[in-house]
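**Student:** I would like to see how this sequence folds:
(chains A and B)
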There are 2 protein chains.
Amino acid sequence: MKTSEYLKMMREIKDFSFATIGHDGLPTARIIDVMLVEEDCLYFLTARGKEFYSQLTEQKFAALSGMNKNWQMITLRGKVKKVSQDMLGPIFEQNPSMNEVYPGDSRKILEVFCLYEGQGEFFDLSGTPIFRETFLLGKQKEHKKGFVITGECISCGICAGVCPQRCIAEGSPYAIRQKNCLHCGLCEESCPSGAVIPAGRA
Amino acid sequence: MKTSEYLKMMREIKDFSFATIGHDGLPTARIIDVMLVEEDCLYFLTARGKEFYSQLTEQKFAALSGMNKNWQMITLRGKVKKVSQDMLGPIFEQNPSMNEVYPGDSRKILEVFCLYEGQGEFFDLSGTPIFRETFLLGKQKEHKKGFVITGECISCGICAGVCPQRCIAEGSPYAIRQKNCLHCGLCEESCPSGAVIPAGRA
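**Tutor:** Residues are numbered from 1 along each chain as shown, chains lettered A, B, ... in the order given. Okay, here's the model as predicted:
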């Protein structure tokens, strides 16, 4: 699926966890609404008095994760920038319940942010095998996760036998169907010839 | 509500975002199930091949956030330790769908973690005014958020007038009803005498 379609799915899910780094250097997170999406931008907001606000303005980065009613998860982590408060008008129009939380003039304490560059992942645990797909927003370069099987493979088939999702295909070398892989690492631990390595190191 | 009751609520919500720090020093997060709770411990698991696993064993910390169907959010951030794989038995019994994801012997790639010390927050946006409450797990010392009004208050009433949740009570000094406060900071910005300060600095 295209990135813009994943952004639309995120707007439908609406409630996402937004993670940043806390005052103590450790991760911190809270649930925030995805207020609006455009082709290449995901909008959200927060108030200037909140720790989340200072973390966003300093770190310019957030990691989002959420899930719909069909057990399909989406994550998106990437760069964030503050945009004009003029966006508050369209945002309050599209999210009328905001008027109950910040009635009248009090909305002026809110600032609008846009996540404009990052990497996301769709992950569907509801089927067998599971299904996953990476998507990129803006100029993001892909960070590869999971494992690949190299030319060291002796085609013994042990990895395919232990794989909980049966997502390793016979061959020379054997091959992991990346879209069905849990990234559990059982193939790597079981391989007698060290042929299974992290995808990021391949 | 007591911490143990919040832990039970987290087990009912089940799907939480778990945030850690990524390979690049920036926050990262994914949805993970709360597998089991005891009086003073929240159990979850992951596979040894995952980035989440190495992050947990190195950082020994995670920040959780989630929400139920009534728009009530819970966050909990704190210390995490790896516990015995013997916990896999009771966890798979209480979460039978795990057998589809990790059938048979493949569960041996999983490791069990327990969050045993930390600070959490319950946040209910569904009513007016909103309601929030902090809870502590284990030996955690409270980190105070939001604002308080000090003796510098001149009782002008501006803060009470601008507050979006009408949660500031008249008096000398005026006082913020902490459980109903959004932490938006509008009172701090509006106070003409600088009497409103972050609770953590009071």
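**Student:** which SS class is residue A:127?
**Tutor:** Secondary structure, DSSP: H, G, I helix; E, B strand; the rest coil: residue A:127 is coil.
**Student:** Any idea how many residues pack against it?
**Tutor:** Neighbours of residue A:127 under the rule other C-beta atoms under 10 Å in any protein chain shown: 11. Every residue, glycine included, has its C-beta placed from N, CA and C.
**Student:** Check residue A:190 too.
**Tutor:** 16.
**Student:** likewise residue A:104?
**Tutor:** Quick note: residue A:104 (other C-beta under 10 Å) scores 9 neighbours.
**Student:** now residue A:194
**Tutor:** 10.
**Student:** Show the pLDDT at it.
**Tutor:** Looking at residue A:194, its pLDDT stands at 97.
**Student:** for residue A:126, same thing?
**Tutor:** 85.
**Student:** Equivalent analysis for residue A:64, please.
**Tutor:** Reported pLDDT for residue A:64: 98.
**Student:** tell me the contacts of it?
**Tutor:** A:10, A:16-19, A:34, A:42, A:74-77, A:115, B:29 (C-beta atoms under 8 Å, 6 or more residues apart in numbering or on different chains).
**Student:** same thing but 7 Å
**Tutor:** A:16, A:17, A:18, A:75, A:76, A:77 (C-beta atoms under 7 Å, 6 or more residues apart in numbering or on different chains).
**Student:** Isn't the third one up against residue A:62?
**Tutor:** What it means is residue A:18. Yes. Assessed by C-beta atoms under 7 Å, residue A:18 is found in contact with residue A:62 at 5.0 Å.
**Student:** Okay, strands next: where are they in chain A?
**Tutor:** A:15-21, A:27-33, A:36-38, A:41-47, A:61-67, A:72-83, A:110-124, A:131-137, A:147-149, A:168-169, A:175-176, A:196-198 (DSSP state E).
**Student:** Quick check: end-to-end length of stretch A:141-159?
**Tutor:** 30 Å (C-alpha to C-alpha, to the nearest Å).
**Student:** Residue A:197: what's it in contact with?
**Tutor:** Counting by C-beta under 7 Å, 6+ apart, residue A:197 has contacts A:147, A:148, A:150.
**Student:** Would you format these as TSV with neighbour count included?
**Tutor:** Output for the contacts of residue A:197, formatted as TSV (neighbours: other C-beta atoms under 10 Å in any protein chain shown):
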residue	neighbour count
A:147	26
A:148	19
A:150	15
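**Student:** so what are the domain limits for chain A?
**Tutor:** A:3-137, A:147-198 (the TED database).
**Student:** pLDDT score for residue A:174?
**Tutor:** For residue A:174, the predicted pLDDT is 98.
**Student:** swap in residue A:8?
**Tutor:** Value for residue A:8, per-residue pLDDT: 97.
**Student:** ok, the residue nearest to it when sequence neighbours are not counted to chain B distance?
**Tutor:** In space, and not counting its chain neighbours, residue A:8 is closest to residue A:37: 6.2 Å by C-beta to C-beta, 6 or more residues apart in numbering or on different chains. Separation of residue A:37 from chain B (C-beta to the nearest C-beta, to the nearest Å): 19 Å.
**Student:** show me what contacts residue A:37?
**Tutor:** Contacts of residue A:37 by C-beta under 7 Å, 6+ apart are A:7, A:8, A:10, A:11, A:43.
**Student:** and the longest helix seen in chain A, what other elements does it pack with?
**Tutor:** Criterion DSSP state H: the longest helix present in chain A is helix A:3-13. Applying 3 or more C-beta pairs under 7 Å, 6 or more residues apart in numbering or on different chains; DSSP states H and E, one finds that helix A:3-13 makes contact with strand A:36-38, strand A:61-67, strand A:72-83, strand A:131-137.
**Student:** And for the last one, what's in contact with it?
**Tutor:** Which is strand A:131-137. Counting by C-beta under 7 Å, 6+ apart, A:1, A:3, A:6, A:40, A:76, A:78, A:117-124, A:142, A:179-180 sit against strand A:131-137.
**Student:** buried sites along it?
**Tutor:** Residues of strand A:131-137 classed as buried: A:131, A:132, A:134, A:135, A:137 (neighbour count, 16 or more other C-beta atoms under 10 Å in any protein chain shown).
**Student:** What separation is there between the fourth one and chain B?
**Tutor:** Distance of residue A:135 to chain B, given as C-beta to the nearest C-beta: 15 Å.
**Student:** sorry, back to before: just the buried ones out of the contacts of strand A:131-137, please.
**Tutor:** A:3, A:6, A:76, A:78, A:117-124, A:180.
**Student:** in the lowest-mean-pLDDT helix or strand in chain A, what's buried?
**Tutor:** The helix or strand of chain A with the lowest confidence, counting by mean pLDDT, DSSP states H and E, is helix A:98-101 at a mean of 94. Residues of helix A:98-101 classed as buried: A:98, A:101 (neighbour count, 16+ other C-beta under 10 Å).
**Student:** do it and chain B meet?
**Tutor:** Yes. Interface with chain B: helix A:98-101 contributes A:100, A:101 (C-beta under 7 Å from any C-beta of the partner chain).
**Student:** Show residues contacting that helix.
**Tutor:** In contact with helix A:98-101 (C-beta under 7 Å, 6+ apart) are residues A:92, B:125, B:128, B:164.
**Student:** Just among those, which is most surrounded?
**Tutor:** Counting by other C-beta under 10 Å, top hit in those: residue B:164 with 24 neighbours.
**Student:** ok, now which ones touch the residue lying closest to it once chain neighbours are set aside?
**Tutor:** Using C-beta to C-beta, 6+ apart and skipping the chain neighbours, the partner closest in space to residue B:164 is residue A:106 (3.7 Å). Taking C-beta under 7 Å, 6+ apart, we find residue A:106 in contact with B:162, B:164, B:186.
**Student:** just residue A:39 next, same as before
**Tutor:** So residue A:39 contacts residue A:4 (C-beta under 7 Å, 6+ apart).
**Student:** swap in the one 4 residues further on?
**Tutor:** With contact taken as C-beta under 7 Å, 6+ apart, residue A:43 is in contact with A:35, A:36, A:37, A:87, A:91, A:112, A:114.
**Student:** hey, what's residue A:15 bridged with?
**Tutor:** On the basis of DSSP bridges, residue A:15 takes part in beta bridges with residue A:33.
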